[in-house]
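>>> Sequence and computational prediction follow.
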Amino acid sequence: MTSKKFKKNILCIGAGYVGGPTMTIIANKCPDYKVTVVDISKERIDAWNSDKLPIFEPGLLERVLSVRGKNLFFSTEIDLGINEADIIFVSVNTPTKMFGEGAGKAVDLQFIEQTARRIKNNSKTNKIVVEKSTLPVRAAEALATILHSGDNSVEFEILSNPEFMAEGTGVSDMENPDRILIGSRDTVSGLAARDILMDIYLHWVPKERLITTNLWSSELSKLVANAVLAQRISSINTIASLCEATEADVTEVSRAIGMDSRIGSKFLNAGPGFGGSCFRKDILNLVYLCEYYQLNEVAAFWEQVVSINDYQMERYVKRILQAMFNTLVGKKMAVFGFAFKPDTGDTRDAPAIYICKRLLEEKACLKITDPYALDNARNDLQSIEGKKEFIEDPYKAVEGVHAIALITEWSSYKKLDYRKIFEKMEKPAFIFDGRNCLDHQALYKIGFNVYPVGKPELSHL
């Protein structure tokens, strides 16, 4: 099938957690468009072209297989893809800058600039360039400057189209989104480009869910959305610490305030802290922007969200240490879950990384289990000294351990036979339910010493 049979050619530069799933859904919903995903990593592209995708996302493999080779293609031929494309989505990595000005807070834009220059050098026809990566406010201005520099006669129109997919529910989030946000310049060409992108989403998204803004509002909205969600998590985690001190129950408090229609119930579950590739990075970028514009009080407010998250992870470790007689030296612990959330293998900035590192520093011996994230866990902890094993079967992971630290609320952990697990463990047996997802009374009756988050402990000691 040649590209001439398609209405337009779409290219996505970057085959990661955003680019691959987003383009897969677009290809499924828009059979009249040719969709190509390119990446510099041959290993990653080979995985997208196999039956073992480089990322785990429920429902993704089935959707890839239904359109791959028809109107969805994965390739390393970046320059060719740029030349043939009408619309280019930029979905490359935008990590936190770890050097120079803004180190630890600002976004490192080197990959965005490299991509912009590559697009410019390989474009012979006018193109729409869509920011899909999370970028700081006014990054589109820098993109436009690079693309239109020199003697280049090709015209580029820049759009901002941030993603709001949550890992683990990415497919359903994309197929049935709360909203699709498109930012453009308020010019004839800018609005025309916006309408072209809207036509793609209108294949399956109701028009009332398409929000159009100027470029700067769209770029900022992505940062603010993640910052506010992370703020809610940090807020309830501060209340969890108060609940433990006062013997209140954070689950009951969350339910009570969540029923207030002005607040709502989402993101009010206490735990060991938030993780993932976006929350910390986007908040720190927001902090940097506020500092850049000399809004220091605003910057301090948002920075505290991250500080509370760090505090919560450390508090989880200290509760383990204190409960287990203030020493973990030589004690075996099973770690249930390493991914930053269930239904994904992603471990970027996962609380488990910090928690396991601290437990190893206390000389604990870890047996780590997770349905999909063990390979990433090995990589994340390879430079950390200490005794650690990576075991797929949770029943094998608990053999001879003194405690279980549940960090990721995989649904499969709720279905385990904890009486069988209790029999395999050293006594007294401890379980630290970092997600409050287990039946604590049932565990206590079996014989466990149970330590939830934001609730009174249930101890036989």
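Noted; the coordinates are in hand.
>>> who's in contact with the closest residue to Val329 other than its chain neighbours?
In space, Val329 comes closest to Lys363 once its chain neighbours are excluded; the distance is 4.2 Å by CB to CB, 6 or more residues apart in numbering. (Each C-beta comes from the backbone N, C-alpha and C, glycine too.) Neighbour list for Lys363: 328-330, 386 [criterion: CB atoms under 8 Å, 6 or more residues apart in numbering].
>>> now with 10 Å?
Shown in contact with Lys363 (CB atoms under 10 Å, 6 or more residues apart in numbering): 327-331, 385-387.
>>> Turn those into TSV, columns for distance to Glu297 and neighbour count.
Listed next are these as TSV, based on distance: CB to CB, whole Å; neighbours: other CB atoms under 10 Å:
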residue	distance to Glu297	neighbour count
Thr327	43	11
Leu328	40	23
Val329	44	8
Gly330	48	10
Lys331	45	20
Glu385	41	10
Gly386	41	15
Lys387	46	12
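>>> mind listing the strands for the stretch 301-450 of the chain?
332-336, 365-369, 388-390, 403-406, 430-433, 449-451 (DSSP state E, counting those that start in this stretch).
>>> Let me have those in JSON lines, adding mean pLDDT, mean neighbour count and distance to Leu295 as columns.
Shown next, in JSON lines, are the strands of the stretch 301-450 of the chain (pLDDT from 0 to 100; neighbours: other CB atoms under 10 Å; distance: least, CB to CB, whole Å):
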{"stretch": "strand 332-336", "mean pLDDT": "98", "mean neighbour count": "26", "distance to Leu295": "40"}
{"stretch": "strand 365-369", "mean pLDDT": "98", "mean neighbour count": "23", "distance to Leu295": "42"}
{"stretch": "strand 388-390", "mean pLDDT": "98", "mean neighbour count": "17", "distance to Leu295": "43"}
{"stretch": "strand 403-406", "mean pLDDT": "98", "mean neighbour count": "26", "distance to Leu295": "39"}
{"stretch": "strand 430-433", "mean pLDDT": "98", "mean neighbour count": "25", "distance to Leu295": "39"}
{"stretch": "strand 449-451", "mean pLDDT": "98", "mean neighbour count": "23", "distance to Leu295": "40"}
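>>> between the ones you listed, which gets nearest to Ile78?
strand 388-390 (34.6 Å; CB to CB).
>>> what sits up against that closest one?
By CB under 10 Å, 6+ apart, the residues outside strand 388-390 that reach it are 332-335, 338, 356, 359-360, 364-370, 373-375, 377-378, 381-382, 396-397.
>>> circling back to that earlier point, the strands of the stretch 301-450 of the chain: which one's closest to Lys120?
Distance to Lys120, taken as CB to CB, is lowest for strand 388-390 among the strands of the stretch 301-450 of the chain, at 44.4 Å.
>>> Worst mean pLDDT across the helices and strands of this protein, which element?
Lowest on mean pLDDT, DSSP states H and E among the helices and strands of the chain sits helix 139-147, with a mean of 87.
>>> re earlier: now distance to Gly345 too, for the strands of the stretch 301-450 of the chain, in TSV please.
Listed next are the strands of the stretch 301-450 of the chain as TSV, based on distance: least, CB to CB, whole Å:
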stretch	distance to Gly345
strand 332-336	15
strand 365-369	13
strand 388-390	13
strand 403-406	18
strand 430-433	22
strand 449-451	27
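>>> Show me which positions of stretch 23-35 end up buried.
By neighbour count on 16 or more other CB atoms under 10 Å, the buried set for stretch 23-35 is 23-30, 33-35.
>>> quick one: buried residues of the least confident helix or strand of the chain?
139-140, 142-144, 146-147.
>>> just checking, what packs against it?
Helices and strands touching helix 139-147, by 3 or more CB pairs under 10 Å, 6 or more residues apart in numbering; DSSP states H and E, are helix 110-121, strand 127-131, strand 156-160, helix 215-246.
>>> any chance of the ones you listed in JSON lines, plus distance to Phe301?
Formatted as JSON lines, the helices and strands packed on helix 139-147 follow (distance: least, CB to CB, whole Å):
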{"stretch": "helix 110-121", "distance to Phe301": "28"}
{"stretch": "strand 127-131", "distance to Phe301": "26"}
{"stretch": "strand 156-160", "distance to Phe301": "25"}
{"stretch": "helix 215-246", "distance to Phe301": "9"}
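>>> List just the one of these that sits closest to Arg419.
helix 215-246 (27.1 Å).
>>> Skip ahead from that closest one and say which helix or strand is next.
helix 250-258 (DSSP states H and E).
>>> and the next helix-or-strand element following that next one, how far from the chain's centre?
Beyond helix 250-258 on the C-terminal side, the first helix or strand identified by DSSP H and E is helix 279-292. Relative to its parent chain, helix 279-292 has a centroid offset of 17 Å by CA atoms, centre = their mean, to the nearest Å.
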